[in-house]
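# Everything below, folded, please.
(one chain, ligands or ions: 2)
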Amino acid sequence: MAQSPLYIGFDLSTQQLKGLVVNSELKVEYIAKFDFDADSTGFPIKKGVITHEAEHEVFAPVALWLQALDSVLSSLRRQGLDFRRVKGISGAGQQHGSVYWNSEAEGLLRNLDPARSLEEQLPAAFSHPYSPNWQDASTQNECDEFDALLGGPAELAWATGSKAHHVRVHTSRRHGDQLLTEPLSQRFTGPQILRFQRKHPDIYQKTTRISLVSSFIASLFLGHIAPFDISDVCGMNLWNITEGTYDDKVLELCAGRFGVDDLKQKLGDVPEDGGLHLGPVHPYYIQRYGFGADCTVIPATGDNPATILALPLRPSDAMVSLGTSTTFLMSTPSYKPDPATHFFNHPTTAGLYMFMLCYKNGGLAREHIRDAINENLKDTPAQPWANFDQIALQTPAMGQRTPTDAMKLGLFFPRPEIVPNIRSGQWRFNYDPTTGQLQETTEGWTTPQDEARAIVESQMLSLRLRSRGLTQSPGNDLPAQPRRVYLVGGGSKNQAIAQLAGEILGGVEGVYKLDIGDNACALGAAYKAVWGMEREPEQTFEHLIGQRWREEEFIEKIADGYQRGVFEKYGQAVEGFEKMEDQVVQQVRATSGHVDGV
Ligand SMILES: Nc1ncnc2c1ncn2[C@@H]1O[C@H](COP(=O)(O)OP(=O)(O)O)[C@@H](O)[C@H]1O
Ligand SMILES: O=C(CO)[C@@H](O)[C@H](O)COP(=O)(O)O
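Ligands and ions are numbered 1, 2, ... in the order given. Prediction:
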């Protein structure tokens, strides 16, 4: 019997490259991983990047990724993958990073020699050997200019889906006698290109094309420079989402004296079809690894857009990625941009958008409280979350031991936060929902115990506050809420967090975790390749994946979602939470200068 075709999704993220192989039935057959810090040779990196403290620059050596790609392919071959079965390749790239190619690039890519590695052959193709990373914080001035250009952050968000992400003085905090500066990431590509153009005008001039990390992956497989993907291009602050074209005004600022036409050439066209056949895989891969000549390259997208492709996500579903940071993703037909959130084109489906919230304080902030509780109890169990979980579940909702108690609300940001854009710090409040009275105090708080529930509640209330305009009533007089909440990432293993996520965010059908855990974005990229290659004319991604999706094998229900009464009580808490955030932002503005809108 003929074996099923296979499809590879690559995930080129900050700290690793993964290759994940699925068959037409969406079942994972192989996974290979290259950890940049642990497995690379010859690069002075830490957590996948190089940091220049003085200028707040964070960047990655592009040659590192070349080394990683040959290594992942070799690893898949060692595992026994028959590359002749692979009919499609797609990928997921860390968002916002850019790669700068020179005039030699097309020739070098076209003439790749299978006897030599990518790392041996391609470094000469780059006009600049480094890719600015999404954690970079060197573009304060450029972000200010981007935000001011169209009238303000809200106008830039309306045009491009996001404001320029940056911070001002409020990132500084006192630690004893020292003034520590903790810049936030200014991660969108447009301001990065503007700074590059001004700082290295000669190199900018010699740059013939600019790739995103996603289109860079596709370019390596194609053997020529691939276009941007329709979703990932929205992470640049250069693409006008409603008009479906680059925004000329923003390009004018970004290109400076080199001119818009020149920049447009560097950026290239953006095809609308996320399943487009970009072309066959380059002979390098056929001869070196045994790919067939009929293997096709499909546009690679950003890692967050790829994550929503890891399942047939419906517009009323929500995904929460509980990693080092927290990201909240929804697919939605509504375009409602706001300076605190991000909108992207959906990676596969015209007429849909991806809504994203990206928080810096996720797992790390929860770990601080987990460790404080273990220390307080003088007990660090083998499962370090055991005490945190038990206490979080024993604590009543909003810490209200009796119905007349005040609700306990807090913000817990050991690192500067993106949502809201604010310096690091901790704030605790009591809130009386009957009078609307809010008071900054720790009265009635047992610290750190009460904080276990309070931090999870705080993180989930922030998600509910910012996504409520996108949810709808599922009918039967139920309040607006997601149909399902899907958890991915390291924190999705945590039963207590799952339960609180359901109580606060709702989800009429419950809270689920993906079997694939932390490989969701590589899986989404592989599914994109399946769809690109096997779709019928006009068949949507959701339809094709939905038909082949085997719920019982791929996901697990881990908690109830909507509970009448509890959800409504958290509705009152959202009001208090919003007030509290406003108050804290005002306070910080008064004491340390400018803060962006919440
Ligand atoms: N059982 C658990 N309960 C809560 N959080 C957990 C648990 N196991 C791992 N985590 C959290 O998962 C995070 C790492 O998730 P992961 O998705 O691997 O991260 P990354 O975003 O860096 O890829 C850590 O911050 C850790 O605190
Ligand atoms: O900046 C963002 C999203 O806007 C990050 O989510 C990057 O996309 C990096 O992803 P990882 O490498 O951490 O997966």
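
# For the rest of this, base every contact and every neighbour count on C-alpha atoms.
Will do.

# Up against ligand 2, what does the stretch 251-400 of the chain have?
Residues of the stretch 251-400 of the chain lying close to ligand 2 (CA under 6 Å from any ligand atom) are residue 303.

# Helices along the stretch 251-400 of the chain, start to end?
260-267, 283-289, 303-307, 363-377, 386-394 (DSSP state H, counting those that start in this stretch).

# most packed of these?
Ranked by mean neighbour count under mean count of other CA atoms under 10 Å, these are led by helix 303-307, which reaches a mean of 27.

# How about residues contacting that helix?
Defining contact as CA atoms under 8 Å, 6 or more residues apart in numbering, one finds that helix 303-307 is touched by 11-13, 91-95, 231-232, 329, 346-347, 354, 520-525.

# wait, does it contact ligand 1?
No: residues of helix 303-307 contacting ligand 1 under CA under 6 Å from any ligand atom: none, with a closest distance of 11.1 Å.

# from the stretch 101-250 of the chain, which residue is nearest to ligand 2?
Relative to ligand 2, the nearest point of the stretch 101-250 of the chain is residue 134 (5.0 Å; CA to the nearest ligand atom).

# for the stretch 351-500 of the chain, same thing?
Closest point on the stretch 351-500 of the chain to ligand 2, by CA to the nearest ligand atom, is residue 358, at 6.3 Å.

# I figured that residue hits residue 322, correct?
No: between residue 358 and residue 322 there is no contact under CA atoms under 8 Å: 10.7 Å.

# Compare the helices of the stretch 251-400 of the chain and give me the one nearest residue 51.
helix 363-377 (20.4 Å; CA to CA).

# by contact count, what packs against the closest one?
If contacts are counted by 3 or more CA pairs under 8 Å, 6 or more residues apart in numbering; DSSP states H and E, helix 363-377 sits against helix 386-394, helix 449-467.

# what's in contact with the helix or strand containing residue 100?
Residue 100 is located in strand 98-101, with elements delineated by DSSP states H and E. Contact partners of strand 98-101, identified using CA under 8 Å, 6+ apart, comprise 62, 125-133, 189, 207-213, 216.

# tell me which parts of the stretch 351-500 of the chain are close to ligand 1?
Taking CA under 6 Å from any ligand atom as the contact definition, the stretch 351-500 of the chain meets ligand 1 at 363-364, 367, 385, 489-491, 493-494.

# As JSON lines, those residues with distance to residue 563 and pLDDT would be great.
Output for those, formatted as JSON lines (distance: CA to CA, whole Å; pLDDT from 0 to 100):
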{"residue": "363", "distance to residue 563": "26", "pLDDT": "91"}
{"residue": "364", "distance to residue 563": "29", "pLDDT": "86"}
{"residue": "367", "distance to residue 563": "28", "pLDDT": "95"}
{"residue": "385", "distance to residue 563": "25", "pLDDT": "98"}
{"residue": "489", "distance to residue 563": "25", "pLDDT": "86"}
{"residue": "490", "distance to residue 563": "25", "pLDDT": "87"}
{"residue": "491", "distance to residue 563": "22", "pLDDT": "92"}
{"residue": "493", "distance to residue 563": "22", "pLDDT": "92"}
{"residue": "494", "distance to residue 563": "20", "pLDDT": "96"}
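
# so can I have JSON lines of these showing distance to residue 532?
Below are these laid out as JSON lines (distance: CA to CA, whole Å):
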{"residue": "363", "distance to residue 532": "35"}
{"residue": "364", "distance to residue 532": "37"}
{"residue": "367", "distance to residue 532": "40"}
{"residue": "385", "distance to residue 532": "41"}
{"residue": "489", "distance to residue 532": "26"}
{"residue": "490", "distance to residue 532": "29"}
{"residue": "491", "distance to residue 532": "31"}
{"residue": "493", "distance to residue 532": "32"}
{"residue": "494", "distance to residue 532": "35"}
